[in-house]
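*Asks:* Generate a structure from the sequence data that follows.
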Amino acid sequence: MVILALTCMTGSACVPAHGAPPMALLIADGTKTFASTARVGALAGAIRATGAFELSVCFTDQESLYDDPLVGVAECPDGAYDIVVYVPRGLDDGTADTLWIVTEVLPWTSPEGWGLVELLSDLIDRVFAGSAVAVDPTEDLWPAFVALVYQAEGWLR
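*Replies:* Predicted coordinates for the structure are as follows:
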């Protein structure tokens, strides 16, 4: 709750614009330890509290940071999302330090939507401070490439 309060005090928006539907968000959680799973739970709580996202979560199993978390996972809710956040295995042992924000919402295609991506990035950075950072398609080519794949597969709209 403290994280949400800090974000609301420093961010420009904590709820969607009047009449705007919430963005559909999927968290693909590949964590395996209690500490990392607890952080994902804290992130999910902070995201829900904003009212800006319609949140779904699924648990995945990858060996590497660059494995596709949505391949062969039956537990993920079907549907098209605006954003997929991949929380990889390895946050606790230091083999991963990045949470990927996979989206086709970009500052030049949807300035309003981009504000929510920035809010999400800020929440991730606060919850995972010291162990991981959020990386979106404007910062790295990997989430941009994955966004193209997910759009073709129907995971992103």
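*Asks:* Can I get stretch 65-74 in CSV? Just the C-alpha atoms.
*Replies:* Extracted in CSV, the C-alpha atoms of stretch 65-74 (Å, rounded to 0.1, in the frame of the first residue of the first chain):
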residue,chain,number,x,y,z
LEU,A,65,15.6,-15.3,-19.3
TYR,A,66,15.1,-15.5,-23.1
ASP,A,67,12.8,-18.5,-23.2
ASP,A,68,9.2,-17.6,-24.2
PRO,A,69,7.1,-17.8,-21.0
LEU,A,70,3.8,-18.4,-22.9
VAL,A,71,4.9,-21.4,-24.9
GLY,A,72,3.1,-24.6,-23.9
VAL,A,73,1.5,-23.1,-20.7
ALA,A,74,-2.1,-24.2,-20.3
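*Asks:* residues of that stretch that come out buried?
*Replies:* Residues of stretch 65-74 classed as buried by neighbour count (16 or more other C-beta atoms under 10 Å): 65, 68, 69, 70. Placement of C-beta: from N, CA and C, glycine included.
*Asks:* wait, which of these is closest to residue 146?
*Replies:* Distance to residue 146 across the buried residues of stretch 65-74 (C-beta to C-beta) is lowest for residue 68, with 7.3 Å.
*Asks:* quick one: contacts for that closest one?
*Replies:* 62, 146, 149 (C-beta atoms under 8 Å, 6 or more residues apart in numbering).
*Asks:* cutoff 10 Å now
*Replies:* 28, 60, 62, 86, 146, 149, 150, 153, 155 (C-beta atoms under 10 Å, 6 or more residues apart in numbering).
*Asks:* what's the lowest-pLDDT member of the residues you listed?
*Replies:* Of all the contacts of residue 68, residue 62 carries the smallest pLDDT score, 78.
*Asks:* so where is this structure shaky, pLDDT-wise?
*Replies:* 1-20, 72-75 (pLDDT under 70).
*Asks:* now the strands for it?
*Replies:* Here the chain has its strands, by DSSP state E, at 23-29, 53-59, 83-87, 98-103, 133-135.
*Asks:* Rebuild those as a markdown table, extending it with distance to residue 41 and mean neighbour count.
*Replies:* Below are the strands of the chain laid out as a markdown table (distance: least, C-beta to C-beta, whole Å; neighbours: other C-beta atoms under 10 Å):
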| stretch | distance to residue 41 | mean neighbour count |
| --- | --- | --- |
| strand 23-29 | 9 | 23 |
| strand 53-59 | 9 | 19 |
| strand 83-87 | 11 | 26 |
| strand 98-103 | 14 | 26 |
| strand 133-135 | 17 | 18 |
